[in-house]
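Colleague: Show me how the following folds:
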Amino acid sequence: MTRLAKLLPLALGGALLIAGCGTQTSAASATWGTVNGHPITQAQVETRINVIKVLDPQAGSQLKQRATWVSETKEIATEYLVAQEAAKAKFTVSKKEISTSESQLQSFLASSYGSKSALQKAMKKDGVTQQDLNDYASTATLLQGYLAKVAPAAAVTQAQVQAFYKSNLSQFETPEEYDLAHILVKTKSQADSILAQLQQGASFSTLAKKYSTDTASAKNGGDLGYQPLSTYVTAFANAAAKLTKVGQLSPVVHSQYGYHIIKLLGIKKASTQPLSAVQAEIKSYLGQQNSQTAIQNYLNKLTAKAKIKTSLPSKLP
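Modeller: Presented below is the predicted three-dimensional model:
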């Protein structure tokens, strides 16, 4: 599935667009591909790769692969075809829409990087200008708007929502959860001593704060909060599963972390969210799937009629 088929606004209201959509040309650049005779230049592809680095810092290793560069060259070609169709249909977006998308993308990235200065540092490192990001945002806005018009998603029916719910029931299930507290120490002799004090009425919370080496839970009196037993290592989980009454203590339990004394604070039974609570979420998800399918079908027809060629050098920059 091409990236265009997955276009969901990022800062434009949805998930991250992971590639630039600019179609700038440079007469000084070598031609790395063509679409119906229109050149795709080295400069365009390099800009695309650099923009991806800023938008998706985790894509580093993938961007070193030649296949990615070829794929992005073809993606630029597809975007060109869509832009041409939009031009033929005299489809436009307003200056206000473009300005909004540019500022939203800028705010999103600044937030992702932690600050504007950190974003600017990353942009400088990867050779990306503010204009590159603005071109990305404005072109994405145009293409998304046009694709939404020419490839509308099929409506999601209640029957489809119900079928999805039944087929994916496990996604809406919450397993049984235990609220446990523990005291973790390094030696069995110390654990035995603490257990004896607890059995004589000493405060679990006080002793956890004083002795437990699990500092994160110790400050809360040893409380680990509600979690499924599958969260814990086997020895700990098996001992906790034997606790049935609130306030009950386990024997000393040995795990790879040391010696534990566990106290049961509460149990939440397993539950399943009713359809009424999740149907809006399911409908939204299915709507996105329908949209991607409609867009992909449109793009398949568009590219099938086009002549797209790539001629990237064996050694890339």
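Colleague: what comes up buried for the longest helix along the chain?
Modeller: Using DSSP state H, we find that the single longest helix of the chain is helix 275-304. For helix 275-304, burial by neighbour count (16 or more other Cβ atoms under 10 Å) applies to 275, 278, 282-283, 286, 288, 290-292, 294-296, 298-299, 302-303. In this view, the C-beta of every residue, glycine as well, is placed from N, C-alpha and C.
Colleague: Just give me the closest of these to K309.
Modeller: Each of those was checked against K309 using Cβ to Cβ; the closest is T303, at 12.3 Å.
Colleague: I'd say the closest one and E75 touch.
Modeller: No. Counting by Cβ atoms under 8 Å, T303 stays clear of E75, with 10.7 Å between them.
Colleague: can you pull out the strands in the stretch 1-150 of the chain?
Modeller: For the stretch 1-150 of the chain, the strands defined by DSSP state E, counting those that start in this stretch occupy 31-35, 38-41.
Colleague: Residue ranges in the protein under the pLDDT threshold?
Modeller: 1-28 (pLDDT under 70).
Colleague: Can you give me the domain assignment for it?
Modeller: 3-156+279-310, 174-271 (automatic domain parsing).
Colleague: Could you dump the ones you listed into TSV and include distance to A163?
Modeller: Below are those laid out as TSV (distance: least, Cβ to Cβ, whole Å):
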stretch	distance to A163
domain 3-156+279-310	10
domain 174-271	22
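Colleague: Tell me which of these sits nearest to N168.
Modeller: domain 3-156+279-310 (8.4 Å).
Colleague: those helices in the stretch 51-200 of the chain, which residues are they?
Modeller: Using DSSP state H, counting those that start in this stretch, the helices of the stretch 51-200 of the chain run over 66-88, 95-113, 116-125, 130-150, 158-167, 188-199.
Colleague: of all those, which lies closest to F236?
Modeller: helix 188-199 (13.1 Å).
Colleague: packing partners for the closest one?
Modeller: Helices and strands touching helix 188-199, by 3 or more Cβ pairs under 8 Å, 6 or more residues apart in numbering; DSSP states H and E, are strand 177-185, helix 204-211, strand 258-268.
Colleague: Out of the ones you listed, which one sits most buried?
Modeller: Of the helices and strands packed on helix 188-199, the one with the most neighbours on average (mean count of other Cβ atoms under 10 Å) is strand 177-185, at a mean of 23.
Colleague: could you say what helices and strands that strand packs with?
Modeller: By 3+ Cβ pairs under 8 Å, 6+ apart, strand 177-185 packs against helix 188-199, helix 204-211, strand 223-227, helix 234-241, strand 258-268.
Colleague: could you check the angle helix 204-211 makes with the longest one?
Modeller: With axes from the mean of the first three to the mean of the last three Cα atoms, to 10 degrees applied, the angle from helix 188-199 to helix 204-211 works out at 150 degrees.
Colleague: what do you get for the shortest one?
Modeller: Strand 223-227 and helix 204-211 meet at an angle of 120 degrees, taking the same axes, to 10 degrees as the criterion.
Colleague: Please tell me how far the residue nearest to Q130 when sequence neighbours are not counted sits from L109.
Modeller: Spatial nearest neighbour of Q130, excluding adjacent residues (Cβ to Cβ, 6 or more residues apart in numbering): M123 at 7.6 Å. Distance from M123 to L109, counting by Cβ to Cβ, to the nearest Å: 9 Å.
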